[in-house]
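**Q** sharing a model that was predicted from the sequence below.
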Amino acid sequence: MDAIDKKILEELQKNSSIPLSELSKKVGLSNTPCWNRIKKLEEDKVILSRTAVLDNKKINLPITVFLSISIQNHTEKWLTNFQNVVKKYDEILEVHRLTGNNSDYQITILSPSIDEYDKFQQVLIKEIECTYMSSHISLQIIKKNHTLPLTYVN
């Protein structure tokens, strides 16, 4: 990956719907070579998708909850069930497996209200076998970045 590829990625992260002609000018290429580079970045899975970023409050999902869970039995069967459960709910944005001793997984969930989240958590309690579950409600977003730093790209 060279400096032009990095510039393409920077621009697409800012605005994935930028017209090819405008992007080409910004990175110093004609349309066809620029398009070919984008296609190559997609084929190499550097670009996973191009999407619109929505304001969750404006689509009636103002509550962000970080649900931490701990489990006792780290079996393949448990993991398969867990993956199936979290994949079927659109309210679940992210799931991370963690290090440390307090929680094994952290789930980021969007909800229209605390009451709706409580109902959703009760569903999860029935579907996910765990020994500990703790919810943390976001009160304020201090930083939310949708662009990845490219300073470490070789």
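**A** On my side now, so go ahead.
**Q** residues contacting G28?
**A** Counting by Cβ atoms under 8 Å, 6 or more residues apart in numbering, G28 makes contact with 4, 7. Quick note: C-beta positions are derived from backbone N, CA and C, even for glycine.
**Q** what's the answer for K7, then?
**A** Counting by Cβ under 8 Å, 6+ apart, K7 makes contact with 26-28.
**Q** run the last query once more with 6 Å
**A** V27 (Cβ atoms under 6 Å, 6 or more residues apart in numbering).
**Q** next one: T131
**A** Counted by Cβ under 6 Å, 6+ apart, T131 has contacts 70, 72.
**Q** let me know the average pLDDT across stretch 125-135.
**A** The pLDDT scores in stretch 125-135 average 95.
**Q** residues of it that come out buried?
**A** Counting neighbours by 16 or more other Cβ atoms under 10 Å, one finds that the buried residues in stretch 125-135 are 128, 130, 133.
**Q** now secondary structure too, for these, in JSON lines please.
**A** JSON lines is the format used below for the buried residues of stretch 125-135 (DSSP: H, G, I helix; E, B strand; the rest coil):
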{"residue": "I128", "secondary structure": "coil"}
{"residue": "C130", "secondary structure": "coil"}
{"residue": "M133", "secondary structure": "strand"}
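**Q** any idea how far S21 is from the residue in the chain sticking out farthest from the centre?
**A** Largest separation from the mean C-alpha position in the chain: S30, at 32.3 Å (Cα atoms, centre = their mean). Going from S30 to S21 by Cβ to Cβ, to the nearest Å gives 10 Å.
**Q** how is the residue nearest the centre of the chain assigned, secondary-structure-wise?
**A** Most central in the chain under Cα atoms, centre = their mean is E94, positioned 5.5 Å from the mean C-alpha point. Following three-state DSSP, E94 is assigned to strand.
**Q** any figure for the gap between the closest residue to I92 other than its chain neighbours and N56?
**A** Closest residue to I92 apart from its sequence neighbours, by Cβ to Cβ, 6 or more residues apart in numbering: V86 at 5.1 Å. Distance of V86 to N56, computed by Cβ to Cβ: 18 Å.
**Q** repeat for T80
**A** 30 Å.
**Q** quick one, which of these two is more surrounded?
**A** The neighbour count for T80 versus N56, taken as other Cβ atoms under 10 Å, is higher for N56 (17 against 10).
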